[in-house]
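Using only what follows, build the 3D model:
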Amino acid sequence: MDNTATDFVDVRERASGLGLTLTSELAILPRHFETAISAAELAHEAEASTVRKLLNAAGLEAQQLEPGGRPLPIVVQKSADWISPTIFVGSMLLSQNPLAIQLALNVLGSYIADLFKGTRCGGDVELTFVVEQTRTRRCRRVVLKCPVSGVKDLEPVLRRLLDE
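Down below sits the predicted model:
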């Protein structure tokens, strides 16, 4: 498993600046969220809607950030690997639901395993999370790269970032 963590913009402040309303502690961030000058530059990854629906079906309130409820364009990227949309994890999520991170990873892991089932391609997974740290409220982006079978084992990495 390979992972790197870097500083990220304040998600709540940035969303407000782009005219987006963040109402959930778990959200799918659009592409270019960090650098866009306006909401017109934003787009969602092809899997964003599916990931949000799967998380919601598992009982996790996940929001897809969009301006004024208008759908954003979808970006399709061809690859043998599975690349997730960026998922924001707010600092209050664990106090609301202590098992939320493990549940989210289990849902994603099962979905990705089903996608690769029956293919000869082992494929790797690239998951991107933005975590709002509990104490400082600072946001950190972590890109986790692992084989499909390793998704469910990423919880300690995310918890460590939340607790920093």
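
packing partners for the lengthiest helix in the chain?
Identified as the longest helix of the chain according to DSSP state H is helix 100-116. For helix 100-116, the packing partners by 3 or more CB pairs under 8 Å, 6 or more residues apart in numbering; DSSP states H and E come out as helix 48-57, strand 82-89, helix 93-96, helix 155-163. (C-beta placed from N, C-alpha, C; glycine too.)

closest one to residue 105 among the ones you listed?
Nearest to residue 105 among the helices and strands packed on helix 100-116 is helix 155-163; the distance by CB to CB comes to 5.8 Å.

quick one on the thing from earlier: mind putting the helices and strands packed on helix 100-116 into JSON lines with distance to residue 67 and mean pLDDT?
As requested, these are exported to JSON lines (distance: least, CB to CB, whole Å; pLDDT from 0 to 100):
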{"stretch": "helix 48-57", "distance to residue 67": "14", "mean pLDDT": "95"}
{"stretch": "strand 82-89", "distance to residue 67": "16", "mean pLDDT": "89"}
{"stretch": "helix 93-96", "distance to residue 67": "23", "mean pLDDT": "81"}
{"stretch": "helix 155-163", "distance to residue 67": "28", "mean pLDDT": "81"}
